[in-house]
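Chemist: Dropping a prediction and its sequence here:
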Amino acid sequence: MDGVTRGVRPGQRAEARRAVGVLVGALRAAGLTSVPEPELFRRAKVGGGPGGVSGPLVTKVEGDPGGRLVASGLWQRGYHVDWTRCVGARGEDGGPCSRDLLLALGWLLATGALETMLAHRAQQLDASWLEPPGVTPPNVPGTLLDRPSLRKLQWLIGSLRFQRRSLLSMQEERSKLMHRAYVNWKHTEKLFWVWMDSVVDCHATDKREACPVDQDAKVSANRIGAVCHHGNRGLERLDNMLLGLPTVQDMRREKEDPRRRRGTERADKLQAGGDSRTLPHMWPSLSRPISPGPSPRAYRPRLQGEPGTQRSRSPAQQPGDRAAPAGKLQASEVSRLLLRTEASLLERRGRSRRANRMHLQEMIGRLEDLVLIAP
Amino acid sequence: MSIVTVQLGQCGNQVGQELFDVICEDGQKEVYQGGSGTERFFHHNTTGELTARAVLIDMEPKVINHSMSKAAKSGKWRYGETSHFSQKQGSGNNWANGYCVHGPRHREAMEDVVRREVERCDRLAGVVTMMSVAGGTGSGVGTYVTQCLREAYPHSFILNHLTWPYSTGEVIVQNYNSVLTLSHLYGLSDAVLVHENDAVHAVCARLLNIKHISFGDVNGVIAHQLAGILQPALTPDSYGVYSRNPLGELVSSLVCHPEYKLLSVCSIPQVASSSMAYSVFSWPGLLKHLRQMLISNARMEEGIDWQVRAPPVQCGGAESARSFRATGFNRSLANLLILRGKEVFSAEADGLQEAALYTSWLPSREAFSVWKSPVSFNKYERSATLVSNSQTLLEPLDNMVRKAWNMFASRAYIHQYTKFGISEEDFLDSFTSLEQVISSYTQLG
């Protein structure tokens, strides 16, 4: 079974191929000058293993303007561009990174990146229909403008007029092709997402091979809260440091039962699914809306701690040798990150409260017609 | 990048059908990279048949039906089933009837047919209208349709192909119709490409050795010359690929000045099929003949006056006018040379770029362009087509206007036009504008 059809019913093979082709057409129509061939998308699905074909897709992302789609798309939504660079480096040795890129692309599409790009492109094309700015003709004395010069001038003006028309017709053609590509995409979009779900399934199956850090997490009790940062050392250091911070609750609980508390905390973190920046871990299904904000459960215990309290921990409580890299981070950077996270969490809390209130009101509304009988 | 052809009246519908025949035959070779040959003039219908991007308009159904069935019988291409518009009653060889009555009455229906064809194109390279100037429908309705096209597609290139009648006369009021058509089109069209029946007839008789020349033979020569221009070619602006903007580049190289829009065409070689086996052509020989045909105003390679020489550079306007009348030298404003066939990239066309051939105010490097294609065209191993914006049409135009004016001065047949709403003032306006065209071409220098 090839990259297109893995996880897809045989009857959907041709449709999946077509859907990927249509997507490539739509991306090109959106103005991306270098979009990988459909075949590379399909091969990226199988991604990993020796002889993997992630290289070309990654190269596209890294070296060509087309790659800006994933890199800048992620960056604009608050994720590190380093992530894709890291994938590029890993992809050369046949890692499963092309699939990660593919998943990232899928996520971007799900957040409406294609529509944004097309809208921007349409705006650019529309702007060209505006009348050219009025140009004041140079003030030439009548005596200098003899008959031959006047005729030459008329010829040149005519030539410019025709050039403008040719350019306008070119713009019109691009608008038309873009419109058609978008309509085609809308028609085949469902098929694409079916195929994308199969990519996600593949990813879930191969996750262990795809992310060695996860393997570590399985085998090492010390790194149980760790997540994959795809080689981003700074991010890893910060996360490790945050993991190392004792929380107020920790300290309180440790007083009661240090061993029991540590186990609970780790379970919490596992349940939270790790850091939001590790994108692939956040994708149970693309059909579900995905929030780009950080997971509150992952951060809340850490925020309540003080950097200074780290020193109060006994060496036995330190997870591995994380104290050293954490100490190398700039305090200002840490505080900036923490403040940003705090703001994000507060906002989420507000939203959640409002949603709960609405939900309660709805429930109360429904209950009005019911007669409650005490047991 | 496609061209929509609008065929109007008997002549336009017959010439158009011949043109598509030649293009289809030539395009069947499928040697024009990128498929620009067929895509430019055809699309595939729902059953996969090659269908002309053409609209057929006439006020009588007979010619349209004939052209459509002839195309279908070729087995190679066809017209679209709904791409035509016709009525029961013709225009009676009266321009005013076509322009003032039939045109406005059927405007919506005709615009609909054209719009459907235009919407089929990814990019409209332009519209070519084909018609005669002598009759009523081609000239009158054709002028009206061109006016509608200009309104509907203000940014598109519009090339009007006109067939001028025999000077001896096909229709008694042909000069009225011609004057009214030309004067109106001059303000609407980007370029007016003219074939004179007299000149084409001479080609049939003397070069192709046809004994009993029919309209079909004449139309065949016109179609060959037109296809020589419109088939794909490598142009200075197309950077090594076949140009996707043929009409835009054609008008940009020839008709940038609003007072000079008349284009004539001549091709070389043109020989009877029976003589092909004995004919050998080389690029230097073909181009030498073509240059002399241009400057001596010969319409074919037979009977060229080799005595005509280009005068020294820098003639004054009036002096140049005298020299044209006296010496027979034909001055050009701009020329476009299209070469097709073997070893085309070795062909040197310097002789046609001499400054002496052109006006003083437009340098020859701007006035002369060459398009090339290594694909042999039609049945010729090497062929050259010259599209010229020069004084070539000055004399026939002058004759046409003079004859029309003489009739107008004796008020002959004027009432036939006034009864449909064309006043004497309209006639006078038309005469004035064509006198201006004649004056501009006379003063070319």
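Modeler: Here it is on my side, so go on.
Chemist: Only C-alpha atoms from now on, for both contacts and neighbour counts.
Modeler: Fine.
Chemist: what about the closest residue to chain A within the stretch 1-150 of chain B, how many residues close to it?
Modeler: Of all residues in the stretch 1-150 of chain B, B:Arg123 sits closest to chain A, at 5.0 Å by CA to the nearest CA. By the measure other CA atoms under 10 Å in any protein chain shown, the count of residues near B:Arg123 is 22.
Chemist: For it, give its distance to A:Glu173.
Modeler: 5 Å (CA to CA, to the nearest Å).
Chemist: follow-up on the earlier one: surely the residue of the stretch 1-150 of chain B closest to chain A touches A:Gln171?
Modeler: No: the pair B:Arg123 / A:Gln171 is not scored as a contact, 9.3 Å apart, by CA atoms under 8 Å.
Chemist: so where is the chain shaky, pLDDT-wise?
Modeler: Answering for chain A, as no chain was given. A:1-12, A:33-34, A:46-69, A:72, A:75-97, A:127-144, A:207-329, A:368-375 (pLDDT under 70).
Chemist: could you do chain B instead?
Modeler: Applying pLDDT under 70 to chain B flags residues B:27-37, B:313-326, B:445.
Chemist: What residues does it have near chain A?
Modeler: B:122-125, B:155-156, B:245, B:248, B:251-252, B:256-258, B:360-362 (CA under 8 Å from any CA of the partner chain).
Chemist: what sits against the nearest residue to A:Ser169 once chain neighbours are set aside?
Modeler: Spatial nearest neighbour of A:Ser169, chain neighbours left out: B:Arg123 (6.8 Å); criterion: CA to CA, 6 or more residues apart in numbering or on different chains. Listed by CA atoms under 8 Å, 6 or more residues apart in numbering or on different chains, the contact set of B:Arg123 reads A:Ser169, A:Met170, A:Glu172, A:Glu173, B:Met1, B:Ser2.
Chemist: measure the last one to A:Leu103 for me?
Modeler: To tie it back to what came earlier, the one meant is B:Ser2. 40 Å.
Chemist: how many other residues sit next to the residue nearest to B:Tyr242 when sequence neighbours are not counted?
Modeler: Among residues not flanking B:Tyr242 along the chain, B:Leu234 sits closest, at 4.8 Å (CA to CA, 6+ apart). For B:Leu234, the count of nearby residues is 20 (other CA under 10 Å).
Chemist: doesn't B:Asn245 make contact with B:Leu234?
Modeler: No: assessed by CA under 8 Å, B:Leu234 is found out of contact with B:Asn245, at 10.7 Å.
Chemist: where along chain B do the strands fall?
Modeler: B:2-8, B:42-44, B:50-52, B:54-58, B:78-79, B:84-86, B:124-132, B:158-164, B:191-196, B:262-268, B:332-341, B:368-373, B:382-390 (DSSP state E).
Chemist: Just the helices from the stretch 101-250 of chain A, written as ranges.
Modeler: Assigned by DSSP state H, counting those that start in this stretch, the stretch 101-250 of chain A shows helices spanning A:113-127, A:147-205, A:207-210, A:212-219, A:233-244, A:248-256.
Chemist: Can you list the helices and strands that the second one packs against?
Modeler: Secondary structure elements in contact with helix A:147-205, counted by 3 or more CA pairs under 8 Å, 6 or more residues apart in numbering or on different chains; DSSP states H and E, are helix A:13-29, helix A:38-46, helix A:97-110, helix A:113-127, helix B:246-254.
Chemist: same thing but at 6 Å, please
Modeler: Helix A:147-205 makes packing contacts with helix A:13-29 when contacts are defined by 3 or more CA pairs under 6 Å, 6 or more residues apart in numbering or on different chains; DSSP states H and E.
Chemist: ok, the residue nearest to B:Trp306 when sequence neighbours are not counted to B:Cys266 distance?
Modeler: Excluding the flanking residues, the one nearest B:Trp306 by CA to CA, 6+ apart is B:Gln292, at 6.8 Å. From B:Gln292 over to B:Cys266 the distance is 12 Å, taken as CA to CA.
Chemist: repeat for A:Gln124
Modeler: In this view, A:Gln124 and B:Cys266 are 44 Å apart by CA to CA.
Chemist: Neighbour count for those two, which is higher?
Modeler: The residue with more neighbours, out of A:Gln124 and B:Cys266 and counting by other CA under 10 Å, is B:Cys266; that gives 26 against 13.
Chemist: ok, that one touching B:Leu386?
Modeler: Yes: when contacts are counted by CA atoms under 6 Å, B:Cys266 is listed as touching B:Leu386 (5.4 Å).
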